[in-house]
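Colleague: could you look at this predicted model? Sequence included:
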Number of protein chains: 2
Amino acid sequence: MPHLYDFDQGDWTDRGLLGGKGAGLAEMTHLGLPVPPGFTITTEVCRHAMKTGELPADLWDEVDAAVSRLEEKSGRSFGGGGEAPLLLSVRSGAKFSMPGMMDTVLNIGVNDEVVEELIAWSGDPHFAWDVYRRFIQMYGDVVLGIEESRFQGVLTMLRARSGVQSDADLSAADLQRATYEFKAIVEEHRPGQLPSDPTEQLRGAVEAVFKSWTNKRAIDYRRIHDIPDDLGTAANVQMMVFGDLGEDSGTGVCFTRDPSSGARVYYGDYLPRAQGEDVVSGARNTLSLDALKDLHPDCHAELIGYMDRLEENYRDMMDIEFTIEKGKLFILQSRVGKRTPAAAVRIAVAIANEGTISKEEALLRVDPETLEQLHRPRVSPDTDAVPIATGVDASPGAAVGQICFSSDDAVRIAAEGKDVILVRPETTPDDIHGMAAAVGILTSQGGKTSHAAVVARGMGKPAVTGAAALTVDPEGGVVLVAGRELRAGDTITLDGTAGKVYVGEVDLVAPEPLPELLTLLEWADEVRQLGVRANADTPEDAAEARKRGAQGIGLARTEHMFMGERLQIVQRVILARSPVERQRALEQLETQQVDDFEAILEAMDGLPVVVRLLDPPLHEFLPSRLELEQEALRRVRSGRPIDELRDMSDQVARWEEDNPMLGLRGVRLGLVLPDLYRMQARAAINAICRRLDAGGNPHLEIMIPLVSTVEELRRMRAMIEKEIVEARERTGHDLEVPIGTMIELPRAALTADEIASVADFFSFGTNDLTQMTYGLSRDDAERLFLHQYVEEGILKADPFQTIDRQGVGRLVEVACKEGRAANPDLQLGVCGEHGGDARSIEFFSEVGLDYVSCSTFRVEGARLAAAQVAIRGVETSDTR
Amino acid sequence: MPHLYDFDQGDWTDRGLLGGKGAGLAEMTHLGLPVPPGFTITTEVCRHAMKTGELPADLWDEVDAAVSRLEEKSGRSFGGGGEAPLLLSVRSGAKFSMPGMMDTVLNIGVNDEVVEELIAWSGDPHFAWDVYRRFIQMYGDVVLGIEESRFQGVLTMLRARSGVQSDADLSAADLQRATYEFKAIVEEHRPGQLPSDPTEQLRGAVEAVFKSWTNKRAIDYRRIHDIPDDLGTAANVQMMVFGDLGEDSGTGVCFTRDPSSGARVYYGDYLPRAQGEDVVSGARNTLSLDALKDLHPDCHAELIGYMDRLEENYRDMMDIEFTIEKGKLFILQSRVGKRTPAAAVRIAVAIANEGTISKEEALLRVDPETLEQLHRPRVSPDTDAVPIATGVDASPGAAVGQICFSSDDAVRIAAEGKDVILVRPETTPDDIHGMAAAVGILTSQGGKTSHAAVVARGMGKPAVTGAAALTVDPEGGVVLVAGRELRAGDTITLDGTAGKVYVGEVDLVAPEPLPELLTLLEWADEVRQLGVRANADTPEDAAEARKRGAQGIGLARTEHMFMGERLQIVQRVILARSPVERQRALEQLETQQVDDFEAILEAMDGLPVVVRLLDPPLHEFLPSRLELEQEALRRVRSGRPIDELRDMSDQVARWEEDNPMLGLRGVRLGLVLPDLYRMQARAAINAICRRLDAGGNPHLEIMIPLVSTVEELRRMRAMIEKEIVEARERTGHDLEVPIGTMIELPRAALTADEIASVADFFSFGTNDLTQMTYGLSRDDAERLFLHQYVEEGILKADPFQTIDRQGVGRLVEVACKEGRAANPDLQLGVCGEHGGDARSIEFFSEVGLDYVSCSTFRVEGARLAAAQVAIRGVETSDTR
């Protein structure tokens, strides 16, 4: 097999071999677009190098031959000596796009002789020296590993001396001077390693580009985006064309639709007299496509034609890089364009409505995980507030809150009901609790893959990272920015979508409703088989979930109904010194529970509502002895009595557990204090009766948590059925209340056949099931080591986000199969957080669940994910 | 099918139908022994009654016919009117012996008329009235449920009035008087319910005996001894013969060998002029068999003949009840005799050596769980100390310690290194920690199935329960006994084997070595396939384990080596503020660890020693914040500074976990603090080298705990192998160190194929595996609800004692199968506490483990259990 293919020779459908960029260049060449000629060294070469530690011995002969063909096609000469000198670029390009993660070297082929030929050919010494100094700068950085800042220092000095703002404004002499300085820098750090021979330059660049596949940035990116490490990258060698060759040259980027709104408009940026990097870096202000039309009407018309042709060919919104060299248009690159979540939805629906793609294809084009961002507030477009700093748009959405410098403070102040924004130089796993308590996260360091960014996106919180203009001093309790001092408690506004930071409270607006989203989700509902319910504990949540298309509630957690002022009553139930005391407390709770359930049933009228009886570890309801002791110490120091605390501490000690997660929870508490579950069952039944009396259509199901042995469920079922029979006789209502259980302990999964014989439904509690299967507590592990495990690749992914198919998934599979075999009418669902995770939804569909249940904000994503699974399933069976 | 069988008709091999006692009576009748005639109502009748709530309608016709046949055989008349009156007994008798658990009614058939006939027949009014009053007493108690104490009250009064000690010394007139008083008592409590019609008496008694199958005592007994509830009991109706019919009558119990020592001697007790209950109750002093020889030489010779015939027939030591009525010998009952663990061993070996049974059968006759009792100390037989109280011999062995009235005190004082005996009216699940800390348990209430008895036996601690002579007042801190006051701190001695309590320290002696035990275990080693190793953490333990036949150490826990004064060094490792500080602490530990390992390897020279790297939950090594706060409060109150405590508390907080069992343990700690495991691996390797240098034969294996994903093991293995390679190069020793892992998390079992690919061995940590599979912490659950779960039958057995085959066992099975498939050389063992449990050993053998590893004191039992499994396995495949 050849090691490389010319753009007009390669099989553009083989992205695995040519990489995405290489395949694109081959396809565009095939489409007749004016692509500067070049060739692609295949990913196979990269894989070979990863395996053996070196490039294939015969690679360079093929490269030399390919360069000769390039000289022929272009009429230019590599290394000079012809009509015009041929300069080359080397760019990485993997099967899956990894923008900005790997390396590029431009202007290969220039040296002390060629620069003179360039001056002669272009008549522009400024251009020629700029080409030369850029080459040394990139080669020094990318191939030789010399810090970029050293070169920048020289430029800064020259700009200062000439009193100009931009490198482009430096004189030819200054650029020549820069070139010499750069050579000196390289010679100092890597003596003798800057080749003047163009062929050697090319080899060095190709090697460096292949090596960049395994740099840390690229590895991290692949980990986050689940790209296998063994694919390798291709290297694309291409003739340089120059956008900086005088006023009739320039470079630009354009999109076939607006990547931000998704609107059907030609959208782009053009920068006269510039190389591509200048556009992307944002260092100079760009012109619009309309301005290009005025400057180069022919090129503009030609470009519009190519844009149409590319969108037609790829049937999607395209992102295109182009250069105009002395009035001639070149297309350098095109790829399916990145877009905002809103644009993704609008474009997918629009292209489907235009008839170019099917509804199914439209559904597959939107990432389900991004849908919840459509509901996040954003900074009002009408604001006249000026951002005080700009950083990385690490996690979308906007938030207003007061500055907090430590995670402990964040938790404390948030507990007072205030919105806080956690501001840190960077975050570490120690900050998880603070991040969870904050409404937004701001850091001065780190990019899109930093800890703060990754965790914030996981938590669905707005974040701006790497806002380098800030100097954050947590110990001093101050942020210095643009000559101002911000202190703890000061209010700021974050715009995570745009990466901007404002002082004070800036108006936020709810996002515009997106009619295309409704259309897309309707299409999703047409094809999906998997039901989608929501986890919701309040009538408000239930109503919101219904609005977002939930087909019921898969998990209503009653413990959340016992917090706040009811907590004391619950404590009385547990710590009661007499049955009478306990009974009185239970009666109080029962009245309130009936109201709770009735309101939720009303909000979900006609749809199923699964009520889970009390589950939490005991210590969540009881005061902490540590805190009681700390309070005692405070009281003693201020001379107050502590007898009452002592009393409470003694009572709590009776129930204290070393490992509450593995203690008296769920059905165990229900068996030890049977009146508690009886009260809840009675309240649920009464709520149903009230709804029936009111002409409603309630579908309540009762779920028993933490069952490990069938006998637990059998006894609870008998107790609840007794209550149902009594209520039936008392009210005359024909009550049907399905009774089922969580499957959240390995033993429940392993004995699912027995348990299924007394259950109407299973709901997999994959959070706890994951905890028990791995033997780790999520909270402790996240604080102490889980991040390190994922970081170092000991775990491929956080098993609490995406289900672990091998271990936890195997238990789910066994339970589904054996449960259904024992009870064919068994309903199967999942209510762990995995229920809202697209990759997990794929698994749940495979094992045959009836529905997933997830947080309200993930319901729409789950509907879409379920549709995608259905479509992929059909595709798979079609193509087999 | 008939509802009953006469003793000379029934199929004595059908114990399921006739019950053990009924089958025995039939068999003895068949053997030609002088068994009083009778018949057995089958267990089928009992099962019918359990199902339908009533006895079969046609039962009584069959009973009436059988009674007629009895009259014919005996020449006596039921209800009188013939030559002599026929009286009957009704006794329960289930398939499996449940001694004393169900009811018996004697002397059925006596009434106001028959008593006169009895006087005439016996010429002994004392006898006749005694028969009558006994009948009313038993019928009142058993059939009518009147409290026994009411009747006893009358007898006490009569004895006092006559100034006699024993009921037997009451005059005939007094017994007649007692009869009338008893009738009055019955009339008062259950008017009209004492039938004078003998047939009705018989029916009442039969019904009551069947009903006693479901009394609480019997149900509890079955739960403990794993006897199914649905077997039912038979009822044996038999002619009464009278040992109390004058001086030429009497009753006795004899054994074909000494049930206490196992010696080959005829052993028995005889009581002239008495009914059977008098012998068993121990209320009167009995005579020896030699005395019987003098009194009734013919009967004695006849009895010895029957004893031989019975032992020959049953090929085991027999327990025989007999009665002499007017010089004629009757055999009432015989069964395989209960015996002490030592006697069980001696008898089994002796009978096998006599050629009566095979070695295999001898091995099956000894309960492996009892072997460890042979090593427990006992009260010196030479002691002249007089017990101050006698109670139930609830758990064998002897102990000396100081009295403690609360479990918290027991824990506190035991922590000071003192031996304590927990003294309570009774124990509850709240006392588990106190029982664990104590060397012995003494209660004033409860029998052999009380909480104290069951838990003490489980823990292998001596216990005396139900010592009713004690008045225990924990609040007052005093025990009143025999006019003395004992207080907390006073020393007492318990003899759990004999159920005796002594004041002060009584000499204890180590048990005599039992040569037959060595023989039996040699036989066991000949047949067993399963290896037996010990869990041992010290050289002393290792030596003791070796002495008891352990074939290596299956688990040496290194965390136990880090307690005591080394704890502070470990804390420095964890809390170190700098790498240097940590390194220094690690170096200190390494020196000590090398010595630890070397000593154990020396003790186990030539045998494998599996060293588990550090595993415990972090909080076991760190001070508790609660305790630090409590200490702070104490210091503040006494005006001392607390800064240092504050500091420590802050440091500990960093590592604090809500659920340490699910936290930073085992390999996780090894990955987060890699120097820790590296230090341990290095120490192990150095210890091997030192042993090799000394000409030893070390076989150390390194075990990584708490692996949940193959990657953890792979990294640790790479790290350890690097150390091995370095040591190999440094020392020139050809080191071979197998590296394996615990399988103690469900995920490890579920992904055993992957893990096996990088493991040389698996050792199942069934304690943790059970915790995770059930999602319960053993400590918390035992304190808060596990006892209730077992008590109420929610769990059939404590899954921490006997492996849960369905759930935990299924994971073990999967891991064995898939692990071996992936790595055929994989060694498989178990080191959880289940490794010493006979029923679990059966399971481990079935799934194909290579060895079990258990506490030293259970090694001998495990050897025997493994032999039994091998024998039963052969039997099973033979009979299939």
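Modeller: Noted; the coordinates are in hand. Residues are numbered from 1 along each chain as shown, chains lettered A, B, ... in the order given.
Colleague: hang on, A:D605 packs against A:N697?
Modeller: Yes: in this structure, A:D605 is within contact of A:N697 by C-beta atoms under 8 Å, at 5.3 Å. (C-beta placed from N, C-alpha, C; glycine too.)
Colleague: shared neighbours of the two, anything?
Modeller: Common neighbours of A:D605 and A:N697 (criterion: C-beta atoms under 8 Å, 6 or more residues apart in numbering or on different chains): A:R691.
Colleague: quick one, which of the two is more surrounded?
Modeller: Legend: neighbour count by other C-beta atoms under 10 Å in any protein chain shown for A:D605 and A:N697, higher for A:D605 (16 against 11).
Colleague: just the pLDDT for that one.
Modeller: On pLDDT, A:D605 comes in at 97.
Colleague: SS state for it?
Modeller: Going by DSSP: H, G, I helix; E, B strand; the rest coil, the secondary structure assigned to A:D605 is coil.
Colleague: now do A:E736
Modeller: Using three-state DSSP as the criterion, the local structure at A:E736 reads coil.
Colleague: how far away is A:R728 from B:L662?
Modeller: Note on A:R728: its distance to B:L662, by C-beta to C-beta, to the nearest Å, is 43 Å.
Colleague: looking at the two, which is more packed in?
Modeller: Set A:R728 next to B:L662 and count neighbours by other C-beta under 10 Å: B:L662 wins out with 27 against 16.
Colleague: hmm, A:M661 and the more buried one touching each other?
Modeller: Yes: contact criterion C-beta under 8 Å: B:L662 and A:M661 qualify, at 6.1 Å.
Colleague: anything in contact with each of the two?
Modeller: A:Q771, A:S777.
Colleague: which single residue of the stretch 451-600 of chain A ends up nearest chain B?
Modeller: Taking C-beta to the nearest C-beta as the measure, the point where the stretch 451-600 of chain A comes nearest chain B is A:I574, at 11.6 Å.
Colleague: doesn't that residue belong to a strand?
Modeller: No: the assignment for A:I574, made by three-state DSSP, is helix rather than a strand.
Colleague: from what I see, it and A:E620 are in contact.
Modeller: No: counting by C-beta under 8 Å, A:I574 does not reach A:E620; the two are 11.1 Å apart.
Colleague: between these two, which one's more packed in?
Modeller: A:I574 (20 against 14).
Colleague: show me what contacts the more buried one?
Modeller: A:L618, A:F621, A:L622, A:W655, A:L673.
Colleague: what's the helix or strand for the residue in the stretch 151-300 of chain A positioned nearest to chain B?
Modeller: The minimum distance from the stretch 151-300 of chain A to chain B, using C-beta to the nearest C-beta, falls at A:R223 (13.7 Å). Secondary structure assigned from DSSP states H and E places A:R223 in helix A:216-225.
Colleague: do you have the helices of the stretch 601-750 of chain A handy? List them.
Modeller: With helices called from DSSP state H, counting those that start in this stretch, the stretch 601-750 of chain A shows them at A:625-637, A:643-655, A:666-672, A:674-693, A:710-731, A:746-750.
Colleague: hmm, I was thinking of the stretch 351-500 of chain A
Modeller: Counting by DSSP H, counting those that start in this stretch, the stretch 351-500 of chain A has helices at residues A:359-364, A:407-415, A:432-437, A:451-459.
Colleague: so A:W12 versus A:V206, what's the distance?
Modeller: Distance of A:W12 to A:V206, given as C-beta to C-beta: 21 Å.
Colleague: kindly apply the preceding question to A:L295 instead.
Modeller: A:L295 sits 36 Å away from A:V206 when distances are taken as C-beta to C-beta.
Colleague: what is the burial count for A:E62?
Modeller: If you count neighbours by other C-beta under 10 Å, A:E62 ends up with 17.
Colleague: just checking, it touches A:M1?
Modeller: No: counting by C-beta under 8 Å, A:E62 does not reach A:M1; the two are 11.0 Å apart.
Colleague: most neighbours out of the contacts of A:I574, which is it?
Modeller: Going by other C-beta under 10 Å, A:L622 tops the contacts of A:I574 with 23 neighbours.
Colleague: quick one, what contacts the nearest residue to it once chain neighbours are set aside?
Modeller: What sits nearest to A:L622 in space, not counting adjacent residues and going by C-beta to C-beta, 6 or more residues apart in numbering or on different chains, is A:V652, at 5.1 Å. Each residue near A:V652 by C-beta under 8 Å, 6+ apart is listed here: A:L575, A:L622, A:P623, A:R625, A:L628.
Colleague: go again with 10 Å.
Modeller: With contact set as C-beta atoms under 10 Å, 6 or more residues apart in numbering or on different chains, A:V652 has these partners: A:Q571, A:I574, A:L575, A:L618, A:H619, A:L622, A:P623, A:S624, A:R625, A:L628.
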